[in-house]
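Chemist: Build the 3D model from these lines:
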Amino acid sequence: MTSRRTGADALVRQLYTEHVGAILAHTTSLTRDRAAAEDVTQETLVRAWQHSEALSNGQGSVRGWLLTTATNIVIDLSRRRKVRPHEVSITPDGPSHEAPAPGDHARSVVDGVTVREALVRLRPEHREVLVEVYLRGSSMAEAADTLDLPIGTVKSRSTSARRAMRELLAN
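Modeler: The predicted model follows:
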């Protein structure tokens with residue numbers, strides 16, 4: 001067992017020397033966060049150490065295995081973040097209220113109902129622009145095409161509609 005681990009240690013040192021730059025560049029491009037990329041790179045090398053037999057059998061591309069493993073780790077992290085509740089940051093003044101507290105489903109339901117009621121009270125031409133741009137995610141140009149309006153009209157209606165929504169929601 002000791003000789004196998006010694007061989008695995010030597011293999012990981014070699015992998016680090018030969019491939020760490022490529023793994024780090026790849027994970028940085030995926031995560032857009034240097035610290036997260038370094039963590040993923042480290043986890044990739046730990047998995048290489050754990051599966052050293054698969055890497056030393058001479059079959060397949062070692063770099064391909066490493067980059068695929070790194071990609072899978074990034075995907076797993078992303079999936080975990082999506083199912084995890086939003087984190088509340090703690091400041092010296094207490095918790096930050098930028099996002100609803102985890103499990104505050106009732107508040108988001110009330111907010112949704114409030115926004116829908118305000119949308120119904122908007123003028124139809126304002127509502128259709130807001131729905132197209134903010135709910136359907138269309139760009140101003142796409143909304144102009146969909147609504148068969150000049151882009152300038154879509155922009156001005158969007159500005160007026162947002163102002164009207166602010167007033168409705170303030171009351």
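
Chemist: From G137, how far out is the spatially most central residue of the chain?
Modeler: Closest to where the C-alpha atoms of the chain average out (CA atoms, centre = their mean) is S78, at 6.6 Å. Separation of S78 from G137 (CB to CB, to the nearest Å) stands at 20 Å. In short, each C-beta sits where N, CA and C put it, glycine included.

Chemist: and whichever helix in the chain runs longest, which residues are buried?
Modeler: Using DSSP state H to define each element, the chain has its longest helix at helix 2-31. Within helix 2-31, the residues scored as buried using 16 or more other CB atoms under 10 Å are 8, 11-12, 15, 19-20, 23-24, 26-28, 30-31.

Chemist: ok, which stretches of this structure are strands?
Modeler: Using DSSP state E, the strands of the chain run over 90-91, 94-95.

Chemist: quick one: which of those has the weakest pLDDT on average?
Modeler: Comparing mean pLDDT across these, the weakest is strand 94-95, with a mean of 51.

Chemist: picking up where we left off before, would JSON lines of the buried residues of helix 2-31 with distance to V131 be doable?
Modeler: Formatted as JSON lines, the buried residues of helix 2-31 follow (distance: CB to CB, whole Å):
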{"residue": "A8", "distance to V131": "58"}
{"residue": "L11", "distance to V131": "57"}
{"residue": "V12", "distance to V131": "54"}
{"residue": "L15", "distance to V131": "53"}
{"residue": "H19", "distance to V131": "49"}
{"residue": "V20", "distance to V131": "49"}
{"residue": "I23", "distance to V131": "44"}
{"residue": "L24", "distance to V131": "44"}
{"residue": "H26", "distance to V131": "40"}
{"residue": "T27", "distance to V131": "39"}
{"residue": "T28", "distance to V131": "38"}
{"residue": "L30", "distance to V131": "34"}
{"residue": "T31", "distance to V131": "34"}
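
Chemist: Tell me the one of these nearest Q50?
Modeler: A8 (8.2 Å; CB to CB).

Chemist: what's the burial count for the residue nearest to Y16 when sequence neighbours are not counted?
Modeler: Leaving aside its chain neighbours, Y16 sits nearest to L45 (6.1 Å; criterion: CB to CB, 6 or more residues apart in numbering). Close neighbours of L45, defined as other CB atoms under 10 Å, add up to 20.
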